[in-house]
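Q: okay, sequence plus prediction incoming.
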Amino acid sequence: MIALEPLGRHEFDRVAHIAVAPEQEGFCGTIAGHFEMNEPGCDFHVVTRDGQPVGFFKIDRDYAAQYGFAQPDEVGLRGVMIDRHEQGRGTGKAAMLALRPYLLRHYPQARACVLTVNVINLPARAVYLAAGFQDDGGLHHGGRIGPQHILRMDLSITALT
């Protein structure tokens, strides 16, 4: 079973083994890199399969301060990674399908969740769209490795109906 859980900044050892293929690091970074960053507005989260950590992501509560396309009542999804040995098993899709109810519980003040995904990262974009993110056609040109699609998931109560 795939589940999402908060992850403390002191729990590096719990997720230190999670790694993506080297060619994917440009999209999502590394576990060590995320733990080294000084980002007090970011909360860490772990993706587990049957209680074992297999993935990681951050929720950025200050996303709008860094990205002009985001609104103050939106959170950002960043650094999503599924361990390379877990990829291809539907784990990423299951984690993203679990994201909306998870965010509603843990970030009830957020109106939406926003992310950017590189235009050449078609598999990740497909997973996000299948999980309920919407692409409004906007592009962010400040990415490390090229332009990125801006995707948004509505977290308002009216989106439930």
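A: Done, it's in.
Q: for this protein, what's the longest helix?
A: Looking across the chain with DSSP state H, the single longest helix is helix 91-106.
Q: and it, what's buried?
A: Neighbour-count burial for helix 91-106 flags Thr91, Gly92, Lys93, Ala94, Ala95, Met96, Ala98, Leu99, Arg100, Tyr102, Leu103 (criterion: 16 or more other CB atoms under 10 Å). Any C-beta I mention is one placed from the backbone N, CA and C, and that applies to glycine too.
Q: nearest to Gly76, of these?
A: When the buried residues of helix 91-106 are compared for distance to Gly76 (CB to CB), Leu103 wins out at 11.2 Å.
Q: contacts only, for the closest one.
A: The contact partners of Leu103, by CB atoms under 8 Å, 6 or more residues apart in numbering, come to Ile59, Val75, Ala110, Cys113, Met153, Leu155.
Q: got the CA positions of the longest helix of the chain in PDB?
A: Presented in PDB, the C-alpha positions along helix 91-106 are these (Å, rounded to 0.1, in the frame of the first residue of the first chain):
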ATOM      1  CA  THR A  91       4.100   4.200  -7.200                       C
ATOM      2  CA  GLY A  92       4.400   7.700  -8.500                       C
ATOM      3  CA  LYS A  93       0.900   7.700  -9.800                       C
ATOM      4  CA  ALA A  94      -0.500   6.200  -6.600                       C
ATOM      5  CA  ALA A  95       1.400   8.800  -4.600                       C
ATOM      6  CA  MET A  96       0.100  11.700  -6.700                       C
ATOM      7  CA  LEU A  97      -3.500  10.300  -6.600                       C
ATOM      8  CA  ALA A  98      -3.200  10.300  -2.700                       C
ATOM      9  CA  LEU A  99      -1.800  13.900  -2.700                       C
ATOM     10  CA  ARG A 100      -5.100  15.900  -2.900                       C
ATOM     11  CA  PRO A 101      -6.700  14.300   0.200                       C
ATOM     12  CA  TYR A 102      -3.300  14.400   2.000                       C
ATOM     13  CA  LEU A 103      -2.900  18.100   1.300                       C
ATOM     14  CA  LEU A 104      -6.500  18.800   2.400                       C
ATOM     15  CA  ARG A 105      -5.700  17.300   5.800                       C
ATOM     16  CA  HIS A 106      -2.300  18.800   6.200                       C
END
